[in-house]
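Q: sharing a model that was predicted from the sequence below.
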Amino acid sequence: MQINKKLLLGVVVSSTLLAGCQTFNDFMDGTFGSSSKTQRTTGTGTPLENVPKTPPPPYQGSTERTTTSSLVIYASSATPIDGYVMVERNNQRIYVDPRQTLLRSDLKNVLAEQDDQGRPYVRLFFNPNGSQKLQRITSQNIGRSLTVTYKDNLISNLNINRAVSDGILNVPMASANDAIALEGRILDGD
């Protein structure tokens, strides 16, 4: 099969002209290079000046959460309390307060460790803002619990016996491997 050189040249020239349709139209209209055009339009007749440059604001009726976090620590209770929401995780009912939470963004570091008897835990180090929130939540909820969740899975329930003022929270884990895995996921932002 042999391609005619003239046909090939015609295809190249045509595609070049089509690639610059607006420029070609301007050239044919006699307005090529004119800076005094008052209105340029798209193929459907919408003036380019009227095309929005920013997306519209989010729909106000949306129930979508605007903030998501893989790690959420809730003030919680084993019994119903006004304003708390009942959730069931790992076949366990817990009442959590969605207004009193600590998130992944409140942390500055995470370490998987073991105590003197070899019991694994994850040590959460909170940033200054997170430390203030932790102290406020624990001081207002003595006798209740903190429920630690990761991607909506229950990790641990911690009894609040005193206000935590040092910005460090130790979360007991089932195994050393679980502690190391959780540390890695939190640090990776997973």
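A: On my side now, so go ahead.
Q: can we go C-alpha only for contacts and neighbour counts from here?
A: Will do.
Q: next structured bit after the one helix or strand in the chain whose mean pLDDT sits lowest?
A: Within the chain, confidence by mean pLDDT, DSSP states H and E is lowest for helix 21-29 among all helices and strands, at a mean of 50. Scanning the chain past helix 21-29 towards its C-terminal end, the next helix or strand to appear is strand 71-77 (assignment: DSSP states H and E).
Q: quick check: next helix or strand after that next one?
A: Moving toward the C-terminus from strand 71-77, the next helix or strand (DSSP H and E) is strand 85-89.
Q: identify the residues contacting the spatially closest residue to residue 86 that is not a sequence neighbour.
A: Counting by CA to CA, 6 or more residues apart in numbering, residue 95 is the residue found nearest to residue 86 once chain neighbours are left out, at 4.3 Å. With contacts defined as CA atoms under 8 Å, 6 or more residues apart in numbering, residue 95 is in contact with 76-81, 84-87.
Q: what are the buried residues along the top strand by length along the chain?
A: Once the chain is assigned using DSSP state E, the strand that runs over the most residues is strand 92-103. By 16 or more other CA atoms under 10 Å, the buried positions in strand 92-103 come out as 94-97, 100-103.
Q: partner strands of it, with direction?
A: Based on DSSP bridges, the strands next to strand 92-103 in the sheet, each with its direction, are strand 71-77 (antiparallel), strand 85-89 (antiparallel).
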